[in-house]
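[1] got a sequence here, can you build the structure:
(chains A and B)
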2 protein chains.
Amino acid sequence: MEKSRIVEELKPFFEPKGVAIIGATDKKGKVGNVIFENFKVNKEKGIFKGNIYPVNPKLTEIEGVKCYPSIKDVPEDADLAVISIPAKFVPATMKDIAEKGIKSVIIITGGFGELGEEGKRMEQEILQIARENGIRIVGPNCVGVYVPETGVDTVFLPETKMDRPETGAIAFVTQSGAFAAAMLDWAAMANIGIGKMVSYGNKLDVDDADLMEYFMYDDQIRVITFYIEGVKDGRKFIETARKVTPHKPIIALKSGRTEYGAKAASSHTGSLAGADTIYDAVFKQTGILRAEDFEHMFDMAKAFAKCKLPKGDRIGIITDGGGAGVMASDAVAKFGLKMAELSEETLKYMKEKFPPHAVAGNPTDVVGDTDAQRYKIAIEAFVNDPNVDVIVVITLFQVPLLDEMELIDILAEYAKKSDKPIIAVAMGGKKTEYYAKILEDKGVPVYLTPERGVRAAAALVQYVKYLEKLKE
Amino acid sequence: MEKSRIVEELKPFFEPKGVAIIGATDKKGKVGNVIFENFKVNKEKGIFKGNIYPVNPKLTEIEGVKCYPSIKDVPEDADLAVISIPAKFVPATMKDIAEKGIKSVIIITGGFGELGEEGKRMEQEILQIARENGIRIVGPNCVGVYVPETGVDTVFLPETKMDRPETGAIAFVTQSGAFAAAMLDWAAMANIGIGKMVSYGNKLDVDDADLMEYFMYDDQIRVITFYIEGVKDGRKFIETARKVTPHKPIIALKSGRTEYGAKAASSHTGSLAGADTIYDAVFKQTGILRAEDFEHMFDMAKAFAKCKLPKGDRIGIITDGGGAGVMASDAVAKFGLKMAELSEETLKYMKEKFPPHAVAGNPTDVVGDTDAQRYKIAIEAFVNDPNVDVIVVITLFQVPLLDEMELIDILAEYAKKSDKPIIAVAMGGKKTEYYAKILEDKGVPVYLTPERGVRAAAALVQYVKYLEKLKE
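    All right, here's what the predicted structure looks like:
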């Protein structure tokens, strides 16, 4: 699909001029009320810039906002319809939407294909109307779209149930609605910036391939993540992935890997999960990085969102705790990376500047009485050493003489001016979490364990190797 | 070693009648000051019941507490000495301690065996004095002991640098001091209760075997965890582990697994890490559970601290999110467990009570519009089904109609009255964290991801299988 078309088709989902909320209601806690409230609050905050048109034949206004009896009555600038009415009314409403000329529809309503024949028949009717009228659909049976920057938020769980993450460079696409909610809630706590989230549920129309292509053209997005249980159109998925991965990394968490999982997936979304080995092969061929679980997915995504790409697979480790250095070294081997062999100059430089009990090497151990300046010596040396491709800096902030903010500024400075990726590892509790957030906001990803930090480095390396293979 | 002897020898480390702090000082932030403050504050809070005797020839009192010029001058009830003076003064001080008749010594001071020949010579001198006088030593080069229940706390990092976890049923032993600090800090945030922590540093005397034996006799401790880089006396370790594991589970995180890691370990603690395959074999033979990383270690430990042991390996999964159920099913296969085949009665019971769109099966999906009572139906059914050995309950607290506290009470009630282990999984953010803490305090371990929850179940099963094999 050419750029202009996919962007034109999907853009209203992410930045509508006017959103019609079909099934909006004043009954607190109801889906149609929460969605309406989300848009209204975001408009009041100045985040959502479009107009809001609640549609409900039984009401003339909701909380001071004019309510329309039918979608046919809303003003002409409406370019996105969000549907939250019982399934049986949806086909007729789709006809009205088509007549109105709205081309983007999010169907939140469940109770279609996942519940049997009659639901599937209705889905086909809806799809036919869409096809005949050039309408794109997200859903049905989904929580829809979340875009913190533009204030689009159809996630029908109120703030009392679920936090919202800040914006960022990660796109997150998921089939499962409950997973979408849990993930957004978690991402908010874990300081993972989500630029755009789409939960597409039954995936009647807009699918993984459409979304990855859209995000390829989306300047806000640096890395695309998917949670999928099964792909319907394998050819389209493969072709699109091949097209996208040379430009942006794609990370997939595919469940239903095992016989047990596939059986559970089949009774969940009704789609056959397919042999996992096929997915594995497809991911490898198309350069998609596969995640073991959702922590792994966002660990990788965070690295791509914040780091430069490395030139190779040689890891340099700096630590203030010997044990953590050992764990990181183990992880380097486990994930198939190499320990960098530091140049003579690097070792000499550090030895001259270090006190005698600090260990210049790989790992370099600045030891427990370190201050931020000793870290700086090591980071400077590693940045300048041509034998080091990725720098993993373990900072146990607990050590007594370390000025945390001074170290954070040093790390942020080198991450910015060096062309090498710098990954931080900070094990600890609430104070560590506090400093980790500051460091991440300054552009350095932080991981709780050496293993997870090195695993994220491995993802950067894996992607670079894929890109290099393409050039051959 | 007979019970009376090991308990008598090590007890003063954990509940001293009087603690002499050699090197106590009034200089804020210094190691000798932080340790003194820890005991003083805990005494003021009524947690530490013993007496505190700072020893420093240059001072007559520290913050109103009488200071003694020499260890020889402290009152007779002192049964624990904590040493924080430069290494070169330690041998002479050990002679005074021997003369005084104190039998338990924590040597915080570093700069011994890890720094070369002279340090090693001093260590041997200290060890000889200890052996000749029946003194047991923790350290040197360590952060010592932390026991929240008795107020013993030689961790020389102030509260401004590091939080302390609450008490609990887990014993945690580590060579690495920085790791000890980072772990305690993390455990405080992660709501992991630590009954007793020992960081033994250079392990001159008291070692892993001594500690696991002591903890076997310690009623507070239900599970023993170790972070080790290398074992010095292999035979003693194996014999003791064999003796302990039939009574209490032991979990080990052993780093230096790979060539890279072993090399890093050797320059860290100077001890040869040894071929990892040997450790693997030893752990298997002795029934020690091996952790992949520290999250894995405490994930397992939490399950042992809170759960009953299962009768078998058949897992039943209850979820309110289909996707999470699929992930859990995958994990069941991945970790070599079995999906329970529910009995006809169980399925019939749930189908009769469930609305039609909820899915009775394994996984049972109570779906996104669930309330707590629908969960109760499923939990009741799984508890009564003889085909289910472990129950994994996934609760996405975000779903709109779920009363979180009602579900928490139901889970806690069944975990108490059923003889099956119940493991909860809750994916989410700050609100989830809040509810997870309440649920854990009521005795049900909670995990962030389905994968981690099932992995913890696998640890319970692995331990039970070891116990069964012993009976053959």
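[2] A:Asn384: what's its closest spatial neighbour, skipping adjacent residues?
    A:Thr346 (7.2 Å; Cβ to Cβ, 6 or more residues apart in numbering or on different chains). (Glycine included, C-beta is placed from N, CA and C.)
[3] on the three-state scheme, the one you found is what?
    With DSSP: H, G, I helix; E, B strand; the rest coil as the basis, A:Thr346 sits in helix.
[4] ok, now which ones touch it?
    A:Ala360, A:Ala381, A:Phe382, A:Asn384, A:Asp385, A:Asn387 (Cβ atoms under 8 Å, 6 or more residues apart in numbering or on different chains).
[5] of the residues you listed, which is the most crowded?
    Compared across these, A:Phe382 has the highest neighbour count, 27 neighbours, by other Cβ atoms under 10 Å in any protein chain shown.
[6] now do the contacts for that one.
    A:Phe382 sits next to A:Gly316, A:Ile318, A:Leu342, A:Thr346, A:Thr364, A:Val388, A:Ile391, A:Lys420 when contact means Cβ under 8 Å, 6+ apart.
[7] so which bits of the stretch 201-350 of chain A are right by chain B?
    Within the stretch 201-350 of chain A, the positions near chain B by Cβ under 8 Å from any Cβ of the partner chain are A:227, A:229, A:255-261, A:263-265, A:267-269, A:292-295, A:320-330, A:332-334, A:339.
[8] now swap in the stretch 351-472 of chain A and tell me
    Going by Cβ under 8 Å from any Cβ, the residues of the stretch 351-472 of chain A near chain B are A:357, A:359, A:361, A:363, A:365, A:368, A:396-400, A:427-433, A:448-452.
[9] mind giving me the PyMOL command for buried ones among those residues?
    Applying 16 or more other Cβ atoms under 10 Å in any protein chain shown to those, the buried members can be selected in PyMOL as follows:
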select buried, chain A and resi 359+361+363+365+368+396+397+398+399+400+427+428+429+431+432+433+448+449+450+451+452
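[10] tally of neighbours for A:Lys437?
    Close neighbours of A:Lys437, defined as other Cβ under 10 Å, add up to 13.
[11] isn't it right next to A:Asn191, touching?
    Yes. The pair A:Lys437 / A:Asn191 is scored as a contact, 5.0 Å apart, by Cβ atoms under 8 Å.
[12] tell me, how many residues neighbour A:Glu166?
    Neighbours around A:Glu166, by other Cβ under 10 Å: 14.
[13] excluding chain neighbours, what is closest to it?
    A:Gly193 (5.2 Å).
[14] just to check, the one you found is in contact with A:Thr167?
    Yes. Judged on Cβ under 8 Å, A:Gly193 makes contact with A:Thr167 at a distance of 5.7 Å.
[15] which of these two has more neighbours?
    A:Gly193 (19 against 16).
[16] what sits against that one?
    Contact analysis of A:Gly193 by Cβ under 8 Å, 6+ apart lists A:Pro165, A:Glu166, A:Thr167, A:Gly168, A:Ala169, A:Ile170, A:Ala187, A:Ala305.
[17] and it, how far from A:Asp330?
    30 Å (Cβ to Cβ, to the nearest Å).
[18] same deal with A:Val244?
    To A:Asp330, A:Val244 is 34 Å away according to Cβ to Cβ.
[19] kindly report the same for A:Ile288.
    Distance of A:Ile288 to A:Asp330, given as Cβ to Cβ: 27 Å.
[20] do A:Ile126 as well
    53 Å.
[21] how many neighbours does A:Arg131 have?
    By the criterion of other Cβ under 10 Å, A:Arg131 has 11 neighbours.
[22] can I see the domain layout of chain A?
    According to the TED database, chain A comprises the domains A:5-304, A:308-470.
[23] can you redo those domains as TSV with mean pLDDT?
    Listed next are the domains of chain A as TSV, based on pLDDT from 0 to 100:
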stretch	mean pLDDT
domain A:5-304	93
domain A:308-470	96
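[24] let's have these in CSV, adding distance to B:Val461.
    Converted to CSV, the domains of chain A look like this (distance: least, Cβ to Cβ, whole Å):
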stretch, distance to B:Val461
domain A:5-304, 15
domain A:308-470, 24
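[25] show the backbone phi and psi for A:Trp241.
    Heads up, residue A:241 is Ala, not Trp. Main-chain torsions, A:Ala241, degrees, to the nearest 10: phi -60, psi -40.
[26] now it. Nearest residue, chain neighbours left out?
    A:Thr286 (3.8 Å).
[27] could you pull out the helices for the stretch 151-300 of chain A?
    A:177-190, A:208-216, A:234-244, A:259-269, A:276-286, A:294-306 (DSSP state H, counting those that start in this stretch).
[28] can I get these in CSV including distance to A:Ser84?
    Compiled in CSV, these are given as follows (distance: least, Cβ to Cβ, whole Å):
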stretch, distance to A:Ser84
helix A:177-190, 13
helix A:208-216, 22
helix A:234-244, 29
helix A:259-269, 20
helix A:276-286, 33
helix A:294-306, 27
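[29] report the contact partners of A:Met350.
    Going by Cβ under 8 Å, 6+ apart, A:Met350 touches A:Ala358, A:Ala360, A:Thr364, A:Ile377, A:Ala378, A:Ala381.
[30] any idea whether the closest residue to A:Gly110 other than its chain neighbours is helix, strand or coil?
    Among residues not flanking A:Gly110 along the chain, A:Asn141 sits closest, at 4.0 Å (Cβ to Cβ, 6+ apart). Following three-state DSSP, the label given to A:Asn141 is coil.
[31] same thing with A:Lys311?
    Under three-state DSSP, A:Lys311 comes out as coil.
[32] any idea how far chain B is from the residue lying closest to it once chain neighbours are set aside?
    Once flanking residues are discounted, A:Lys311 sits nearest to A:Asp389: 5.2 Å by Cβ to Cβ, 6+ apart. As judged by Cβ to the nearest Cβ, to the nearest Å, A:Asp389 and chain B stand 15 Å apart.
[33] how many residues are close by A:Ile238?
    Neighbourhood size, A:Ile238 [other Cβ under 10 Å]: 17.
[34] pull the contacting residues for it.
    A:Ile238 is in contact with A:Val282, A:Gln285, A:Thr286, counting by Cβ under 8 Å, 6+ apart.
[35] give me that answer again for 10 Å
    By Cβ atoms under 10 Å, 6 or more residues apart in numbering or on different chains, A:Ile238 lies in contact with A:Ala209, A:Val231, A:Val282, A:Phe283, A:Gln285, A:Thr286, A:Ile288.
[36] what's the answer for A:His296, then?
    For A:His296, the contact set (Cβ under 10 Å, 6+ apart) comprises A:Ile251, A:Leu253, A:Leu289, A:Arg290, A:Arg452, A:Arg455, A:Ala456, A:Ala459, B:Thr449, B:Glu451.
[37] how close does A:Pro75 get to A:Glu345?
    When Cβ to Cβ is the yardstick, A:Pro75 and A:Glu345 sit 69 Å from each other.
[38] let me fix that: A:Asp276
    Taking Cβ to Cβ, one finds A:Asp276 at 48 Å from A:Glu345.
[39] more neighbours: these two, which one.
    Per other Cβ under 10 Å, whichever of A:Asp276 and A:Glu345 has more neighbours is A:Asp276, with 17 against 12.
[40] what's the closest non-adjacent residue to the more buried one?
    In this structure, A:Asp276 finds its nearest non-sequential neighbour in A:Arg257, 4.5 Å apart by Cβ to Cβ, 6+ apart.
[41] how about stretch A:106-124: buried residues?
    Buried-residue list, stretch A:106-124, by 16+ other Cβ under 10 Å: A:Ile106, A:Ile107, A:Ile108, A:Thr109, A:Gly110, A:Gly111, A:Phe112, A:Gly113, A:Glu114, A:Gly119, A:Met122, A:Glu123.
[42] buried residues in the biggest helix by length in chain A?
    Longest helix in chain A, counting residues (DSSP state H): helix A:450-471. In terms of neighbour count (16+ other Cβ under 10 Å), helix A:450-471 has its buried residues at A:450-464, A:466.
[43] of the contacts of A:Ile238, buried ones?
    By neighbour count, with 16+ other Cβ under 10 Å, the contacts of A:Ile238 hold A:Ala209, A:Val231, A:Val282, A:Phe283, A:Thr286, A:Ile288 as buried.
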